[in-house]
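Engineer: A structural model of the following input is requested.
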Amino acid sequence: MPGMEDLTGRVFDRLTVVGLEHRDNKGRLQWYCICKCGKVTIVRSNSLKHKKTKSCGCLRNELAAVRLRERHLKKREDKKQTASPPSA
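Structural biologist: As a prediction, the model looks like this:
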């Protein structure tokens with residue numbers, strides 16, 4: 001396709017572009033990508049180039065788990081501080 005930038009083989013954060021999947025109904029290019037976690041996803045060129053899509057969704061899940069763990073540990077610390085007897 002003339003004027004099309006071939007992204008095959010390029011790596012965008014956790015995604016490696018394997019090849020062109022298709023054009024959507026508006027003519028935008030969709031790329032077949034493999035994430036570092038092993039899942040396959042289809043992403044638009046614009047989303048890859050402008051770093052809007054960084055993974056198949058695994059990054060979002062990992063970051064959410066970290067935030068949840070941090071929140072849980074903070075609550076445990078706060079609970080310990082309020083439960084400890086005042087020092088004399």
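Engineer: same question for the lengthiest helix in the chain, mean pLDDT?
Structural biologist: In terms of residue count, the longest helix belonging to the chain (DSSP state H) is helix 58-83. Per-residue pLDDT values across helix 58-83 average out to 84.
Engineer: Can you list the helices and strands that the host helix or strand of residue 19 packs against?
Structural biologist: Element membership of residue 19, judged by DSSP states H and E, is strand 15-23. With contacts taken as 3 or more Cβ pairs under 8 Å, 6 or more residues apart in numbering; DSSP states H and E, strand 15-23 sits against strand 29-35, strand 40-44. Every residue, glycine included, has its C-beta placed from N, CA and C.
Engineer: Extract the C-alpha set from that strand and format it as CSV.
Structural biologist: In CSV, the C-alpha atoms belonging to strand 15-23 read as follows (Å, rounded to 0.1, in the frame of the first residue of the first chain):
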residue,chain,number,x,y,z
LEU,A,15,3.6,-4.9,22.2
THR,A,16,5.5,-6.3,19.2
VAL,A,17,3.9,-5.8,15.8
VAL,A,18,3.6,-9.0,13.9
GLY,A,19,1.8,-7.8,10.8
LEU,A,20,-1.0,-5.8,9.2
GLU,A,21,-4.4,-7.2,10.2
HIS,A,22,-6.8,-5.0,8.2
ARG,A,23,-8.2,-1.6,7.7
